[in-house]
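Asks: from the sequence below, what's the structure:
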Amino acid sequence: MVVIESPYGDAAGARHATAEFLARHCPWADPEAVVLVVSELVANAIRHTGGWWRLCVRAVQGRLVVEIADASPEPPVPRAPDLTGGGGLGWHMVEKLATQLEVVRQGDGKGKTVRATWLRPVLPLAV
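Replies: Coordinates of the predicted model:
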């Protein structure tokens, strides 16, 4: 498991730690897709929630789970993409790249966790 928390980590460190974790524990995962999701979720937490975030990456029973917790209870809001550099692409990419995506609000209403999950591919049985 990888856990990185601001202010002790940054988006670059989160990407690097995730790539290392994938190489060791989830060689079946698409590292470019997973690292892009981590990068987008950390950037969103920094930009839209006041800066505090915590990343947790783990492999559990044939699943890869990436969680970004932050201080805002507000769920991400998809925006229309602005192709002139104004943003709006990240959440749409995250939705397309993860097998499953969910937003879980903290019980105290003071934050949320965005959870992206990928399933290990099932290999066909040899006959």
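Asks: when you work out contacts or count neighbours from here on, use the C-alpha atoms and nothing else.
Replies: OK.
Asks: dump the residue contacts of the residue nearest to the spatial centre of the chain.
Replies: Nearest to the mean C-alpha position of the chain, counting by Cα atoms, centre = their mean, stands residue 38 at 3.9 Å. Each residue near residue 38 by Cα atoms under 8 Å, 6 or more residues apart in numbering is listed here: 14, 15, 18, 66.
Asks: now, among those residues, which is nearest to residue 76?
Replies: Proximity of the contacts of residue 38 to residue 76 (Cα to Cα) peaks at residue 66, which lies at 15.9 Å.
Asks: which element is the closest one on?
Replies: Residue 66 belongs to strand 63-70 when elements are defined using DSSP states H and E.
Asks: again with residue 73
Replies: Applying DSSP H and E, one finds residue 73 in no helix or strand.
Asks: which non-adjacent residue is nearest it?
Replies: Nearest residue to residue 73 in three dimensions, chain neighbours excluded: residue 111, at 4.1 Å (Cα to Cα, 6 or more residues apart in numbering).
Asks: any idea how many residues pack against the one you found?
Replies: For residue 111, the neighbour count with other Cα atoms under 10 Å is 18.
Asks: isn't it up against residue 76?
Replies: No. The pair residue 111 and residue 76 fails to qualify as a contact (Cα atoms under 8 Å) at a distance of 11.9 Å.
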